[in-house]
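J.: Got a predicted structure plus its sequence, pasted below:
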Amino acid sequence: MALNIKPLSDRVIVEPAAAETKTASGIFIPDTAKEKPQKGIVLAVGNGKVDEPMTVKVGDTVLYGKYAGTELKLEGKDYLIMREEDILAII
């Protein structure tokens, strides 16, 4: 899906993964107990800083901090826009 948003500098737009609805043992998790996901797919990448090129690219699955980024709602979908430094790892 192509977004109409181009992040600036070292920012990326991430689509968070869906929250888990069932545990590994088969127990269903109620909506009130679901945790905010910390994994997502990179949808758009900025140009980076002059002295620091971007290491993530579009399509990468990444792990990020629990409270990282700013929530953004566009065309009914939820996204996060964050700095590359808030990304902890590429999976």
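T.: Good, I have the coordinates.

J.: C-alpha from now on. contacts and neighbour counts both.
T.: Fine.

J.: Run a quick neighbour tally on Met82.
T.: 19 (other Cα atoms under 10 Å).

J.: nearest residue to it other than its sequence neighbours?
T.: Leaving aside its sequence neighbours, Met82 sits nearest to Gly69 (Cα to Cα, 6 or more residues apart in numbering; 4.1 Å).

J.: Quick check: that neighbour vs Glu15, distance?
T.: Distance from Gly69 to Glu15, counting by Cα to Cα, to the nearest Å: 11 Å.

J.: what sits in contact with each of these two?
T.: Taking Cα atoms under 8 Å, 6 or more residues apart in numbering as the criterion, Gly69 and Glu15 both touch Leu80.

J.: Would you quantify the distance from the most centrally placed residue in the chain to Thr55?
T.: By Cα atoms, centre = their mean, the chain has its centre lying nearest to Val14, at 3.1 Å. Note on Val14: its distance to Thr55, by Cα to Cα, is 14 Å.

J.: in the least confident helix or strand in the chain by mean pLDDT, what counts as buried?
T.: When the helices and strands of the chain are compared on mean pLDDT, DSSP states H and E, strand 70-74 comes out lowest with a mean of 90. Across strand 70-74, burial judged by 16 or more other Cα atoms under 10 Å covers no residue at all.
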